[in-house]
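Chemist: turn this into a model:
(one chain, ligands or ions: 2)
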Amino acid sequence: MQHDASRLCASHPAAGIATCPHCGTFVCDQCVVRHDWGALACRECVERRRPRFPLSWEQRISLRSWWQTFATVLRQPRALFSHFPELAGPRALGFAAIGTLADQLAGEASPAQSPWPLWLDVLSVLTLTPLGAAALWVVLRLAKPETSFGTILTAIWLMDGTYGIVFAPLSALDPEGLRAGVTIALGAVAMLVVYVRALWFLTRRRLGAGPGLSAAAIGAYFTVVFGLSVALLMLADGPT
Ligand SMILES: [Zn+2]
Ligand SMILES: [Zn+2]
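Modeler: Ligands and ions are numbered 1, 2, ... in the order given. This next block holds a predicted model:
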């Protein structure tokens, strides 16, 4: 980023202050957009959705970057999912696996028997998430044919990994008998906090859907995921 007060902004007769890193346009104080994560860009590039969030998990794999990514999903969902990066599939799946495994281990340690066996967790991350992502993708594609399935899938795997960690204490501490009511209610709150906010910013800002289309796509995602989860749980319980 260069600073040169002797040159003028590309769109105003005002002193330029910075060069947009995406297109090289020289912009003034009014035309510059400052992102939450400290980067600058011109307004046109922001409208074209060029800036991407510098996600730790995309840059390196370590305990520290895992923790930073978990915290970012919870604390900066707007900045992250509005500018979601092109995250590699295996990396995103790795993040989901860590959170899911932590939740599973917490469930094993619980005095109450977990109704959600390991094979169901694995099946969930490997099939429920892609099917839910596909439902969301199909709805968005009706209006936005250029919508990327990979962006949706990797973003939801980050949500899965985060949800696993948020839900783990509930899996571990749940006293017997309360699971059906309290755990499901708290799980639904955790799901709202982790998924709904993130999916809203992802579909509205990153993928450019209107509010109606965004709500329909998120609805399609939850319908598929909840519908199949209930079916799998009944399958796991077996005939009674
Ligand atoms: Zn630009
Ligand atoms: Zn300007």
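
Chemist: and the longest helix belonging to the chain, what's buried?
Modeler: Looking across the chain with DSSP state H, the single longest helix is helix 211-237. Neighbour-count burial for helix 211-237, counted by 16 or more other Cβ atoms under 10 Å, picks out 213-218, 220-222, 224-225, 228, 232. Quick note: C-beta positions are derived from backbone N, CA and C, even for glycine.

Chemist: show me what the helix or strand of the chain with the lowest mean pLDDT is packed against.
Modeler: Lowest by mean pLDDT, DSSP states H and E among the helices and strands of the chain is helix 118-123, with a mean of 79. Judged by 3 or more Cβ pairs under 8 Å, 6 or more residues apart in numbering; DSSP states H and E, helix 118-123 is in contact with helix 89-109, helix 211-237.

Chemist: just put those helices in TSV and tack on distance to residue 194 and mean pLDDT.
Modeler: Below are the helices and strands packed on helix 118-123 laid out as TSV (distance: least, Cβ to Cβ, whole Å; pLDDT from 0 to 100):
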stretch	distance to residue 194	mean pLDDT
helix 89-109	10	90
helix 211-237	13	89
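
Chemist: so for ligand 2, which of these sits nearest?
Modeler: helix 211-237 (30.1 Å; Cβ to the ion).

Chemist: and that closest one, what does it pack against?
Modeler: Using 3+ Cβ pairs under 8 Å, 6+ apart, helix 211-237 sits against helix 118-123, helix 129-143, helix 197-201.

Chemist: what comes into contact with the shortest one?
Modeler: Residues outside helix 197-201 that contact it (Cβ atoms under 8 Å, 6 or more residues apart in numbering): 73, 77-78, 80-82, 136, 155-156, 158-159, 214, 217-218, 221.

Chemist: what do you get for stretch 208-228?
Modeler: Residues contacting stretch 208-228 (Cβ under 8 Å, 6+ apart): 49, 127-129, 131-136, 138-140, 142-144, 156, 196, 199-200, 203-204.

Chemist: just the buried residues out of the residues you listed, in ChimeraX syntax.
Modeler: The ChimeraX selection below is limited to those of these classed as buried (16+ other Cβ under 10 Å):
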select :128,129,132,133,134,135,136,139,140,144,156,199,200,203,204
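
Chemist: alpha carbons of stretch 15-28, as CSV, please.
Modeler: Only the C-alpha atoms of stretch 15-28 are listed here, as CSV (Å, rounded to 0.1, in the frame of the first residue of the first chain):
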residue,chain,number,x,y,z
ALA,A,15,-5.6,13.9,-2.5
GLY,A,16,-5.3,10.1,-2.9
ILE,A,17,-4.1,8.2,0.2
ALA,A,18,-3.8,4.6,-0.9
THR,A,19,-3.5,2.2,-3.8
CYS,A,20,-6.2,-0.6,-4.0
PRO,A,21,-4.3,-3.9,-3.7
HIS,A,22,-6.9,-5.6,-6.0
CYS,A,23,-7.0,-3.3,-9.0
GLY,A,24,-4.2,-0.7,-8.4
THR,A,25,-6.7,2.3,-8.4
PHE,A,26,-5.4,5.3,-6.4
VAL,A,27,-8.2,6.3,-4.0
CYS,A,28,-8.9,9.2,-1.5
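
Chemist: and that stretch, how far out from the chain middle?
Modeler: 30 Å (Cα atoms, centre = their mean, to the nearest Å).

Chemist: so which bits of that stretch are buried?
Modeler: So, applying 16+ other Cβ under 10 Å, buried residues of stretch 15-28: 16-20, 22, 25-28.
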